[in-house]
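Trainee: coordinates only, no sequence provided:
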Ligand SMILES: Cc1cc2nc3c(=O)[nH]c(=O)nc-3n(C[C@H](O)[C@H](O)[C@H](O)COP(=O)(O)OP(=O)(O)OC[C@H]3O[C@@H](n4cnc5c(N)ncnc54)[C@H](O)[C@@H]3O)c2cc1C
């Protein structure tokens, strides 16, 4: 048994959200940043395209807000969108101050007048994507990691998998609050208890619930499942964004072909060379991701194809190599020269738009627990994330949460932690159960809760997932925990919540398309789920249409 450790702030996740929050905290705060694998194990490292920001004179906050609202299909929360977008320039300045080397326009060599090189992506009405070639995530991740290592107050704990939160009743008037987390050290196989005045979940998304995904292996929705089990609301989990173009090659695992290729003129083609996007949307290849992914899915099903093709070979080879070095080199390693050949692509699960319900400070329902980055549902993305808004969201809410933590948890009491009890479990001799259920779950979600859904398939998925969750819970109660078991338990939970959100939505909107309800309802409503162990009081009030409604079925209001 290990001795509990205590920090001022415990941050679960070392991606854009977690690391930037750690770096925004005052330097006298002792904080721990956990990562399941190495520090670059999350999605952040893999982000290619860049980050949306209002930087050009011809662009404006209003235009960025408007584009985001259109992409979000009526479900974005305008205050959240404006809050995020209006902080974009400050975030860019902060990142540049940390040392991130974004690309500048090559045609303005004078350093005094230099301007960032901005790219265009689907849904954006202006060039506003700041980037470091097509390795933006890597550039950000490396700089933030270096800064965190240099900081004397940040302890970086790798190979740690958060299991569950620790709560007590020490909050205002005896309310339940978060005081730490149990964490599996996957090197020593011990479960450590870590206490903190504030805990931050920044564990990324849950796209690993799908058979095909652009996300790294750890994207198993841990933070969403952990927060739900601790009594927090979750919302809008039915909005899974499928990236239209992942490399289709037997040896290429999860390799995404950035949307910026389409921004720079790449065409989507059927095997016979026909461009098909114009048949689905007047914006052609620059239509929002959901439209492009559904069009590809439609054509693949209609023609029984294994993939479609993306072709940028009509642009000069030098341009392709300098703008898309990662895509060029990676494809070349699979024998595809994208300066001469078209790229075989398929859609894949890419981004989790929903998540744990939070306010403008990343505060969740559970006092002391903050949730930021892809794990959170801030209201920014609505029913569909606009490309490159997600990194921006990570940085904006990390800054806001850091400020709130500093103001509200500085003198929080340090609580005693009960050690993890392993007295009634033994080492498993049936790991096959985990293997089998991992595969079954991801196939089930792909086939029944994928790009196009129906009530029958969703109800089938609900029943299958209930059985799976029962089996996993039995296994969890009997055997010593491992990372694959924890991830499966979390994935099964998030998949079940996703299906619940999808079943509740009796319409098609944004990324959620149910062929039994192909129309979009005139009233946009979030799908908010409240756990049985919620910390919220039951407050029912009359809504505008005269119906009694639990007021917690709405996202939090923003304050000026
Ligand atoms: C291939 C790809 C390309 C993308 N391109 C772009 C882009 O161009 N622009 C854009 O805006 N967005 C892009 N995105 C989305 C964006 O990268 C992510 O939304 C964002 O990086 C998420 O950051 P995060 O900090 O929330 O989580 P992540 O970066 O995913 O980090 C999650 C962290 O949590 C840790 N973790 C998870 N579970 C646990 C646990 N139980 N215990 C301990 N640690 C845990 C992980 O180890 C990791 O350190 C892309 C995503 C992918 C996959």
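Mentor: The structure has been received and is ready for your questions. Quantities reported herein were computed from a predicted structural model and do not represent experimental measurements.
Trainee: where do the strands of the stretch 301-450 of the chain begin and end?
Mentor: Taking DSSP state E, counting those that start in this stretch as the test, the strands found in the stretch 301-450 of the chain are 308-311, 343-352, 355-357, 369-371, 376-377.
Trainee: is the ligand within reach of the fourth one?
Mentor: No - judged by C-beta under 6 Å from any ligand atom, strand 369-371 and the ligand are separated, with a smallest distance of 9.7 Å. All C-beta spots, glycine's among them, are computed from the backbone N, C-alpha and C.
Trainee: could you do the shortest one as well?
Mentor: No - using C-beta under 6 Å from any ligand atom, we find that strand 376-377 stays clear of the ligand, coming within 8.1 Å at best.
Trainee: ditto for stretch 287-296
Mentor: No - Stretch 287-296 lies apart from the ligand when judged by C-beta under 6 Å from any ligand atom; the minimum separation is 11.2 Å.
Trainee: average pLDDT for that stretch?
Mentor: Confidence over stretch 287-296, taken as the mean pLDDT, stands at 87.
Trainee: what's it in contact with?
Mentor: 71, 122-123, 241-245, 259, 262, 268, 276-277, 279-281, 283, 285, 308, 345-347, 350, 384-387, 451-452, 510-511, 513 (C-beta atoms under 8 Å, 6 or more residues apart in numbering).
Trainee: ok, of those residues, which come out buried?
Mentor: The neighbour-count test (16 or more other C-beta atoms under 10 Å) marks 71, 122-123, 241-245, 259, 262, 268, 276-277, 280, 285, 308, 345-347, 350, 384-387, 451, 510-511, 513 as buried among the contacts of stretch 287-296.
Trainee: in helices only, show me these.
Mentor: 71, 262 (DSSP state H).
Trainee: pLDDT at whichever residue of the stretch 301-450 of the chain sits closest to the ligand, what is it?
Mentor: Of all residues in the stretch 301-450 of the chain, residue 373 sits closest to the ligand, at 2.3 Å by C-beta to the nearest ligand atom. With respect to pLDDT, residue 373 scores 98.
Trainee: what residues does the stretch 201-350 of the chain have near the ligand?
Mentor: With C-beta under 6 Å from any ligand atom as the criterion, the stretch 201-350 of the chain meets the ligand at residues 202-204, 214-215, 218, 222, 256.
Trainee: take these and lay them out in CSV including neighbour count.
Mentor: Below are those laid out as CSV (neighbours: other C-beta atoms under 10 Å):
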residue, neighbour count
202, 33
203, 37
204, 34
214, 26
215, 26
218, 20
222, 29
256, 24
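Trainee: so which of the residues you listed sits lowest on pLDDT?
Mentor: Minimum confidence in those sits at residue 256, scoring 88.
Trainee: residues in contact with that one?
Mentor: By C-beta under 8 Å, 6+ apart, the contact list for residue 256 reads 46, 48, 214, 243, 245-247, 348, 350.
Trainee: need the three-state assignment for the residue nearest to the residue of the stretch 301-450 of the chain closest to the ligand when sequence neighbours are not counted.
Mentor: Among residues not flanking residue 373 along the chain, residue 17 sits closest, at 2.8 Å (C-beta to C-beta, 6 or more residues apart in numbering). Look at residue 17: counting by DSSP: H, G, I helix; E, B strand; the rest coil, its state is helix.
Trainee: this protein: helices as residue ranges?
Mentor: Counting by DSSP H, the helices of the chain are 16-24, 61-71, 78-86, 88-98, 136-150, 222-229, 260-263, 289-303, 317-323, 325-333, 389-408, 432-448, 455-478, 483-504.
Trainee: now the fifth one, how far from the centre of its chain.
Mentor: Right, helix 136-150. Chain-centre distance of helix 136-150: 19 Å, with C-alpha atoms, centre = their mean, to the nearest Å.
Trainee: could you list the buried residues of that helix?
Mentor: 136-145, 147-148.
Trainee: filtering these by proximity to the ligand, which remain?
Mentor: Near the ligand, by the rule C-beta under 6 Å from any ligand atom, you find 136-137 out of the buried residues of helix 136-150.
Trainee: can you tell me which two in the buried residues of helix 136-150 are farthest apart?
Mentor: Maximum pairwise distance among the buried residues of helix 136-150 (C-beta to C-beta): 18.4 Å, between 136 and 148.
Trainee: and the strands of the stretch 301-450 of the chain: which comes nearest residue 416?
Mentor: strand 369-371 (18.7 Å).
Trainee: residues in contact with the closest one?
Mentor: Contacts with strand 369-371, where a contact means C-beta under 8 Å, 6+ apart, come from 165, 178, 198-202, 223, 227, 230, 232, 355-356, 358, 361-364, 401, 404-405.
Trainee: need the helix or strand of this protein with the lowest average pLDDT.
Mentor: Counting by mean pLDDT, DSSP states H and E, the chain has its least confident helix or strand at strand 540-542, which shows a mean of 71.
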